[in-house]
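A.B. asks: Make a model of this:
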Amino acid sequence: MQVENAQHKELAAGRWAEMPLALQMLNIGSEISRANRWKSKGNQNQVERAVFRALELIDLTIDAQRGKHSLKEFTRMREIVCDYYLGENIYNSTGELIQRDFDMFMPGAKKNV
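C.D. replies: Predicted coordinates:
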């Protein structure tokens, strides 16, 4: 990822890769939570802003996890986020289901704080 185009410049510069996976997932989940709140208020512009930040973090996670984990789950997660928030929701997802996938990392993240 090109650091100069990143919204999370400090994280894109390498700090993200140093974070435990559970913390990465919770940070992505925070952006998903914001997207869900804005979606419930009908503000698509803010939904898109939060989703684009989440997608940037997902991409950073894919880069950071390359060689450590299978990337299939991360790329599928990215696809589902795009489909639900920006696409036609062909997977019949909900914001709550997507949020739950990120929230399940909370116990692991608390160990690393």
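A.B. asks: buried set for the helix or strand hosting residue 32?
C.D. replies: Using DSSP states H and E, residue 32 maps to helix 21-40. Residues of helix 21-40 classed as buried: 21-29, 31-36, 38-39 (neighbour count, 16 or more other C-beta atoms under 10 Å). Yep, even glycine has a C-beta here, placed from its N, CA and C like the rest.
A.B. asks: so what does the helix or strand following that helix touch, helix or strand wise?
C.D. replies: As assigned by DSSP H and E, the chain's next helix or strand after helix 21-40 is helix 44-65. Where contact means 3 or more C-beta pairs under 8 Å, 6 or more residues apart in numbering; DSSP states H and E, helix 44-65 is packed against helix 16-18, helix 21-40, helix 72-86.
A.B. asks: out of those helices, nearest to residue 101?
C.D. replies: Across these, residue 101 has its closest neighbour in helix 72-86 (7.1 Å, C-beta to C-beta).
A.B. asks: Alright, that wraps it up for me.
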